[in-house]
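>>> no sequence on hand, only this structure:
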């Protein structure tokens, strides 16, 4: 059994000046798995440690883990609590889910998984997203983040750009922390951990196709957005690898394991902007062979995705 974090005996304060609870209820801080807590990082320039890990736990980072607990509480309860209540084996996590009746292949629901090869809590969420990735009404995209690289294993697919994108979602939601795993559906309108297959399926079903954006048409070398009403938006080109890549992890929390990765995002390109008028963008060449392409229309940094299409 993984050791759990426990509150420090001291009474440091966060930005609100309030000390952490001395006797957290079940499902609160004492119920968080070590790996889940370690995935939480703060953007604050000055850190105050509000929680410390059990000295016997392994791979303890050399930086503060949790700060400003009060603003983070909903994320901890929704994310870490759900993750620790689920089976840890990927095979049990990837349960079958019903077809997403509220989305179509022409307007797939966008499922972004933020994970790291160095995070031992990520494989179940990865397995659940992989299990639905072949569905035409789902556009699954796996983004590797970099903030776990300091713990002994450098993620082979992670890019600072993808870490920045996850931070955009956090800031748009008013959060000062990011964590892995995290599944963002249709651009932050819904977020879940992803380790619970039933919860993930329900969230995707409830979200349905992106809405409120322009119609997208495509040719082999260009993409066109129709005129329409809607907020000014950013147009993203996503290139992703649809093949299953078995990655041997030689260090860090997942050291000794071989983990399957698929639909890994290899390029994220800002094509331009849409403000209601019809517009056309030329498609740049793919950076490597075998990649698939999708276009996303998104309102600002970390805003909702209002249109999506595979090309």
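Sure, I can see it. Fair warning: this is a prediction, and the values are worked out from it, not measured in the lab.
>>> only C-alpha atoms for contact and neighbour calcs from this point on.
Will do.
>>> what stretches of this structure score poorly on pLDDT?
Scanning the chain for pLDDT under 70 picks out 1-103.
>>> and for residue 290, the neighbour number?
When neighbours are counted by other CA atoms under 10 Å, residue 290 registers 12.
>>> and residue 141, its phi and psi?
Per-residue torsions, residue 141: phi -130, psi 130 (degrees, to the nearest 10).
>>> can you check residue 130 too?
phi -60, psi -30.
>>> apart from its chain neighbours, what residue comes closest to it?
Leaving aside its sequence neighbours, residue 130 sits nearest to residue 262 (CA to CA, 6 or more residues apart in numbering; 6.8 Å).
>>> neighbours of that neighbour, how many?
Applying other CA under 10 Å, I find that residue 262 has 20 neighbouring residues.
>>> now swap in the one 3 residues further on and tell me
Residues contacting residue 265 under the criterion other CA under 10 Å number 24.
>>> for it, list the residues it contacts.
The contact partners of residue 265, by CA atoms under 8 Å, 6 or more residues apart in numbering, come to 141, 142, 143, 157, 238, 239, 240, 241.
>>> which among those gets closest to residue 118?
Nearest to residue 118, judged by CA to CA, of those is residue 157 at 11.5 Å.
>>> mind listing what the closest one touches?
143, 144, 264, 265, 266.
>>> and which of the residues you listed is nearest residue 168?
Using CA to CA, these come closest to residue 168 at residue 143, 13.6 Å.
>>> which non-adjacent residue is nearest the closest one?
residue 114 (5.0 Å).
>>> so what are the sheet partners of the helix or strand the one you found falls within and their directions?
Residue 114 belongs to strand 109-115 when assigned by DSSP states H and E. Sheet pairing of strand 109-115 (DSSP bridges) gives strand 138-144 (parallel), strand 182-185 (antiparallel).
>>> out of those strands, which gets nearest to residue 132?
strand 138-144 (7.2 Å).
>>> buried stuff in the helix or strand that the closest one is followed by?
Proceeding N to C from strand 138-144, the next assigned helix or strand is helix 160-172, under DSSP H and E. Buried residues in helix 160-172, counted by 16 or more other CA atoms under 10 Å: 162, 163, 165, 166, 167, 168, 169, 170, 171, 172.
>>> make JSON lines out of those and add distance to residue 231.
Shown next, in JSON lines, are these (distance: CA to CA, whole Å):
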{"residue": "162", "distance to residue 231": "24"}
{"residue": "163", "distance to residue 231": "25"}
{"residue": "165", "distance to residue 231": "20"}
{"residue": "166", "distance to residue 231": "22"}
{"residue": "167", "distance to residue 231": "22"}
{"residue": "168", "distance to residue 231": "18"}
{"residue": "169", "distance to residue 231": "18"}
{"residue": "170", "distance to residue 231": "21"}
{"residue": "171", "distance to residue 231": "19"}
{"residue": "172", "distance to residue 231": "16"}
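>>> and of those, the nearest to residue 134?
Among those, and counting by CA to CA, the member closest to residue 134 is residue 162, at 22.7 Å.
>>> please tell me I have it right and that closest one contacts residue 143.
Yes. Using CA atoms under 8 Å, residue 162 is in contact with residue 143, at 6.0 Å.
>>> who touches both of these two?
With CA under 8 Å, 6+ apart, residue 162 and residue 143 have no common neighbours.
>>> coming back round to it: what's the strand holding residue 114 in contact with?
Contacts of strand 109-115 (CA under 8 Å, 6+ apart): 103, 122, 126, 129, 137-145, 166, 180-187, 204, 207-210, 305, 308.
>>> related to what we said a few turns ago, closest to residue 295 out of the strands paired with strand 109-115?
Taking CA to CA, strand 138-144 is the member of these nearest to residue 295, at 10.5 Å.
>>> now do that closest one: everything it contacts.
100, 103-105, 108-117, 129-130, 132-133, 155, 157-159, 162-163, 240, 262-265, 310.
>>> just the buried residues of these.
100, 103, 108-117, 129-130, 132-133, 155, 157-159, 162-163, 240, 262-265, 310.
>>> got a list of what residue 226 touches?
214, 215, 216, 276, 277, 278, 279.
>>> swap that for residue 213, sorry
Residue 213 is in contact with 228, 229, 230, 297, 306, 307, counting by CA under 8 Å, 6+ apart.
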